[in-house]
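Asks: with the sequence up front, the predicted model follows.
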Number of protein chains: 4
Amino acid sequence: MAIKIIVAGPRGRMGKEAVHMIYDTADFELTACLDHKNDGKKLSDLEGFSGDFNAPIYTDIEKCFSEQQADVFVDLTIPEVGYKHTKAALNHGIRPVVGTTGYTNEQLEELKQLTKEKQTGCIIAPNFAIGAVLMMKFAKMAAAYFPDVEIIEKHHEQKLDAPSGTAKKTAELIQESRKSKKQGHADEEETIKGVRGGDFDGMRIHSMRLPGLVAHQEVVFGGAGQTLTIQHDSMNRASFMDGIKECVHQVMDLDELIYGLENIL
Amino acid sequence: MAIKIIVAGPRGRMGKEAVHMIYDTADFELTACLDHKNDGKKLSDLEGFSGDFNAPIYTDIEKCFSEQQADVFVDLTIPEVGYKHTKAALNHGIRPVVGTTGYTNEQLEELKQLTKEKQTGCIIAPNFAIGAVLMMKFAKMAAAYFPDVEIIEKHHEQKLDAPSGTAKKTAELIQESRKSKKQGHADEEETIKGVRGGDFDGMRIHSMRLPGLVAHQEVVFGGAGQTLTIQHDSMNRASFMDGIKECVHQVMDLDELIYGLENIL
Amino acid sequence: MAIKIIVAGPRGRMGKEAVHMIYDTADFELTACLDHKNDGKKLSDLEGFSGDFNAPIYTDIEKCFSEQQADVFVDLTIPEVGYKHTKAALNHGIRPVVGTTGYTNEQLEELKQLTKEKQTGCIIAPNFAIGAVLMMKFAKMAAAYFPDVEIIEKHHEQKLDAPSGTAKKTAELIQESRKSKKQGHADEEETIKGVRGGDFDGMRIHSMRLPGLVAHQEVVFGGAGQTLTIQHDSMNRASFMDGIKECVHQVMDLDELIYGLENIL
Amino acid sequence: MAIKIIVAGPRGRMGKEAVHMIYDTADFELTACLDHKNDGKKLSDLEGFSGDFNAPIYTDIEKCFSEQQADVFVDLTIPEVGYKHTKAALNHGIRPVVGTTGYTNEQLEELKQLTKEKQTGCIIAPNFAIGAVLMMKFAKMAAAYFPDVEIIEKHHEQKLDAPSGTAKKTAELIQESRKSKKQGHADEEETIKGVRGGDFDGMRIHSMRLPGLVAHQEVVFGGAGQTLTIQHDSMNRASFMDGIKECVHQVMDLDELIYGLENIL
């Protein structure tokens, strides 16, 4: 039997792709959408959705969750709104799958309690790209054997922050299993300042910015006579859809809150 | 306290490096060596070992294991000889660490029984390069989420067999977790025969052979909008020493036989 | 002073991007467009072009080239149409820049004569991606010193033909400067058929097909103790625009026909 | 007919490999060696050379060049000594091939004059690795079309200086053809200092240092929708031998001084 899904945020870039993914997946069924406007319309009334997309749109959370029998609730809105949605879904026994980095520790703790109370699965994921999450997971595992590691992340030249959030997160995960050490030769010298990259607990991070790049990262581990490289290349948001799909399947069998895709892969 | 080690095959290429590694490792101590000649000499009497290498050499297994109190026995000889050595070591309560691909299933089964009986740890590893073993382990894990995968292995032009043993082993491990499928477009056509590589359960393997290459492998997984690559580059045998070191440490806490480094990493 | 440009095929995918590129380039000016319909309209009347795009549309070649004083004519249509366009442009003294692989040798020869006669520059390019063309040019140069070379091209799994046209073209260019030889060990053996790739004059070509890939190629040269790799990664059609831009600039100073971007880079 | 060669510095690491390379090359003949000791001996009297190596050893330059009719003189000693050798060789009409970065501009100028006067070819090369030299040459060529470029060089963790000499030289060559610009977003921010690498005329250089690495460099060019990467991997000194061989062949046809392998490739 198909898994019945409600999506919040169907007009956003991620939401739109998620709605299409659900329609394209044999064992998924889109029951309804939550949107802060367009109450009473159907998806097919909105721009970018063809006539097949007949799911009803609600602006009222309670009404939506009461009228529509759903198994899973996928939230692709912003953190403040998503938080309210998630609580309401849990209260209605609908399993939330939420893509966000924005919840506070207090909010996460409260949702954890509520999940336990309601015995309803819930997945909150800062990153739905399975490849990126596996890269981080493998990097953490490898760091236990190879304490010498450098990260090089490569993005388009419009990116403002360096290093990327993924690079930082990778370094933090590596730190959990790596024996802390200052890498490189004790007497090494930079004749051009900065070439050895950024220092994070003794390991090095490099950020490349060039037009033509999208979002890429290499984690390179070195040991005597060998190197091990784990690399993720992301071309577009389509990479997130496989992660959402995986979460929808797995949340059906959960009765607790899982934070981070790495904990279900 | 130092871990006391006996090495069999100290004059071979791997054995020689292992002996040096043991001397260079603070908590390791070389107690003796097994060699099919040079009985009664010391390592320092042989070519390639300096005066510090004062471990005695035995040709008689029983005598060696009786006279020398050792914790671990490292065998770097050939399968037929190594098999006898391993049994003898277990009978003396000395934990074997053996690098070989050559044991039959019957031999492995017999050693497994003996290990259980003697409650003495034993590690048998076809490949001591931790990086290569992690690559295979990660590849198997990733294949559960990305059924589309191709392997490209790259070796020097003197290599006779294609694909490499590691590529084949990787493909077999991937097969265990991957949903079997024929990859590529159903109607794809080769205008030059062989360009799509070798077929292994629907996935593709490519072998590159060029002077200047040593031993390299990339496993590339593809999903919508993303690729995940796991790559191992091996420069020389030094890469095996970290694996032997890891095994010596871990075998101390085992009371069963482990086959393959991937099962202790 | 701005270079005045007429574009044929403004509604196609390449044409649309070219029109936008011209509007975004300070020293370029779009004078008019050739289209097989929409005569008398303006670009801004068509879908996908905002109000600023006020270039007039013609369906009649002669009328267009007579009424509009242009320096360069960019043809992004299909070969049969483009061929007629190109001849007309040359007859009007307007320099053609044509993206096509479809002209016959006879057509090219005729255009060459006409170019010489009219002393009007003309560039015909099968590939406008400067990076891809440089990759091929460098590969040809390197092959003079490294006769051992393998090509690995990587494309999305919807691609039907293998190897790619670029890989084949690269191999042909390499052949012009490489000392012909059969690569690999004389006694090498495939235990899985096809792993050593396709044979092209003794060198090897490999084609990888995976979802998540776009269009990539590596050319790997091997010599004693070293390898040299030239790699091109193409994400989208934007890569062609820099090539068109370069051609528009260079055709202004030409008085002959140039076939292939590699001959002006 | 074989090219007759005198080698200076046969006991050094490079010299020893060069001597073996000459013996292994069909159209090369080792006439004699220059060494600051061992006068009157044969190569085969020294450690590391078998009985076939019967070239006589001289300590006196003039005597060596007078008694031995040679076509080419290969100097693999240190700059001060090599400079004297090179002048003497030119005076005797023997073509020098010298591997050094150590000559001053005055010395180079003087040798240039002498070369012209004697109409005797001479090649002085800071780097004999053909792959590395081609990488730099290609990088310079590509920079004319892609002003956005980053260099990442990767070496073993024992290397003291960062960036490598090759990276610096590459950046200088790129600078000659690249339109100077500050790369990256104008408002980009480093949240970990140094991640964006070292700044060289607005482009970025990154230095990775890990055990297991040997000597590698990638030069990555980015343009709209595409990247072009030129990569050199050096495993050992064998990579220099092909360069010496090429120089010996080419110097036979020269009548001037060439500085840098890039000018003959």
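Replies: Looks like it arrived, so ask away.
Asks: for chain A, what spans make up the helices?
Replies: Secondary structure of chain A (DSSP state H): helices located at A:13-24, A:61-67, A:79-91, A:105-118, A:130-143, A:165-177, A:238-251.
Asks: need those helices in TSV (columns: mean pLDDT and mean neighbour count).
Replies: Bear in mind the C-beta positions are built from the backbone N, C-alpha and C, glycine included. Listed next are the helices of chain A as TSV, based on pLDDT from 0 to 100; neighbours: other Cβ atoms under 10 Å in any protein chain shown:
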stretch	mean pLDDT	mean neighbour count
helix A:13-24	94	19
helix A:61-67	96	17
helix A:79-91	94	19
helix A:105-118	95	14
helix A:130-143	97	25
helix A:165-177	96	19
helix A:238-251	95	22
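Asks: need those helices in JSON lines (columns: distance to chain C).
Replies: Below are the helices of chain A laid out as JSON lines (distance: least, Cβ to the nearest Cβ, whole Å):
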{"stretch": "helix A:13-24", "distance to chain C": "14"}
{"stretch": "helix A:61-67", "distance to chain C": "34"}
{"stretch": "helix A:79-91", "distance to chain C": "28"}
{"stretch": "helix A:105-118", "distance to chain C": "31"}
{"stretch": "helix A:130-143", "distance to chain C": "8"}
{"stretch": "helix A:165-177", "distance to chain C": "17"}
{"stretch": "helix A:238-251", "distance to chain C": "7"}
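Asks: which ones are touching the residue lying farthest from the centre of chain A?
Replies: Here the centre of chain A is the reference, and by Cα atoms, centre = their mean the most remote residue is residue A:187, at 40.4 Å. Counting by Cβ atoms under 8 Å, 6 or more residues apart in numbering or on different chains, residue A:187 touches residue D:160.
Asks: do you know how far it is from residue B:122?
Replies: Residue A:187 sits 43 Å away from residue B:122, going by Cβ to Cβ, to the nearest Å.
Asks: confidence score at residue A:101?
Replies: Reported pLDDT at residue A:101 in the predicted model: 78.
Asks: ok, how many other residues are close to it?
Replies: 11 (other Cβ atoms under 10 Å in any protein chain shown).
Asks: tell me the residues of the stretch 101-250 of chain A that contact chain B?
Replies: Residues of the stretch 101-250 of chain A found near chain B (Cβ under 8 Å from any Cβ of the partner chain) are A:129-132, A:134-135, A:138, A:141-142, A:145-146, A:221, A:223-242, A:246.
Asks: pretty sure residue A:58 contacts residue A:35?
Replies: Yes: counting by Cβ atoms under 8 Å, a contact exists between residue A:58 and residue A:35, whose distance comes to 7.5 Å.
Asks: domain assignment for chain A?
Replies: Residue ranges for each domain of chain A read A:3-124+A:238-263, A:130-234, as given by the TED database.
Asks: and residue D:253, which of those domains is closest to it?
Replies: Residue D:253 sits nearest to domain A:130-234 of all the domains of chain A, at 38.3 Å, using Cβ to Cβ.
Asks: pull up the distance across that closest one, start to finish.
Replies: Across its full length, domain A:130-234 reaches 11 Å end to end, with Cα to Cα, to the nearest Å as the criterion.
Asks: try stretch A:53-69
Replies: From its first residue to its last, stretch A:53-69 covers 18 Å (Cα to Cα).
Asks: also stretch A:147-161?
Replies: Using Cα to Cα, the end-to-end distance of stretch A:147-161 comes to 26 Å.
Asks: roughly how far apart are residue A:33 and residue C:46?
Replies: In this structure, residue A:33 lies at 33 Å from residue C:46, with Cβ to Cβ as the measure.
Asks: swap that for residue A:40, please
Replies: When distances are taken as Cβ to Cβ, residue A:40 and residue C:46 turn out to be 35 Å apart.
Asks: neighbour-wise, which of these two wins?
Replies: Comparing residue A:40 with residue C:46 by neighbour count (other Cβ under 10 Å), the higher total belongs to residue C:46, at 18 against 9.
Asks: give me the number of residues near residue A:260?
Replies: Residue crowding around residue A:260 was assessed by other Cβ under 10 Å; the count is 17.
Asks: need the pLDDT of it.
Replies: The confidence metric pLDDT takes the value 92 at residue A:260.
Asks: residues in contact with the closest residue to residue A:13 other than its chain neighbours?
Replies: Nearest residue to residue A:13 in three dimensions, chain neighbours excluded: residue A:237, at 6.5 Å (Cβ to Cβ, 6 or more residues apart in numbering or on different chains). Contacts for residue A:237 (Cβ under 8 Å, 6+ apart) come out as A:13-14, A:17, B:225.
Asks: any idea how far the most centrally placed residue in chain A lies from residue A:165?
Replies: To find the centre residue of chain A, average its C-alpha atoms and take the closest one (Cα atoms, centre = their mean): that gives residue A:127, at 1.6 Å. Going from residue A:127 to residue A:165 by Cβ to Cβ gives 9 Å.
Asks: also residue A:22?
Replies: Using Cβ to Cβ, one gets 27 Å for the distance from residue A:22 to residue A:165.
Asks: cool, and residue A:3?
Replies: 30 Å.
Asks: same deal with residue A:2?
Replies: Using Cβ to Cβ, we find residue A:2 at a distance of 35 Å from residue A:165.
Asks: ditto for residue A:218
Replies: In this structure, residue A:218 lies at 16 Å from residue A:165, with Cβ to Cβ as the measure.
Asks: same question for residue A:4.
Replies: If you measure residue A:4 against residue A:165 using Cβ to Cβ, the figure is 33 Å.
Asks: quick check: residues of the stretch 51-200 of chain A near chain D?
Replies: Going by Cβ under 8 Å from any Cβ, the residues of the stretch 51-200 of chain A near chain D are A:148-150, A:152, A:154, A:157-163, A:168, A:183-185, A:187-200.
Asks: mind redoing it with 10 Å?
Replies: Taking Cβ under 10 Å from any Cβ of the partner chain as the measure of proximity, the stretch 51-200 of chain A contacts chain D at A:146-154, A:156-165, A:167-168, A:171, A:183-200.
Asks: start and end of stretch A:136-153, how far apart?
Replies: For stretch A:136-153, the end-to-end distance is 13 Å (Cα to Cα).
Asks: what residues are up against the residue lying closest to residue A:87 once chain neighbours are set aside?
Replies: Leaving aside its sequence neighbours, residue A:87 sits nearest to residue A:114 (Cβ to Cβ, 6+ apart; 6.5 Å). Residues touching residue A:114, when contacts are defined by Cβ atoms under 10 Å, 6 or more residues apart in numbering or on different chains, comprise A:86-87, A:90-91, A:120, A:122, A:257.
Asks: could I get those in JSON lines, plus columns for distance to residue D:177?
Replies: Formatted as JSON lines, the contacts of residue A:114 follow (distance: Cβ to Cβ, whole Å):
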{"residue": "A:86", "distance to residue D:177": "56"}
{"residue": "A:87", "distance to residue D:177": "60"}
{"residue": "A:90", "distance to residue D:177": "61"}
{"residue": "A:91", "distance to residue D:177": "65"}
{"residue": "A:120", "distance to residue D:177": "63"}
{"residue": "A:122", "distance to residue D:177": "57"}
{"residue": "A:257", "distance to residue D:177": "57"}
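Asks: wait, which of those is closest to residue C:251?
Replies: Distances from residue C:251 to the contacts of residue A:114, taken as Cβ to Cβ, are shortest for residue A:86 (59.6 Å).
Asks: is it true that that closest one touches residue A:111?
Replies: Yes: in this structure, residue A:86 is within contact of residue A:111 by Cβ atoms under 10 Å, at 6.1 Å.
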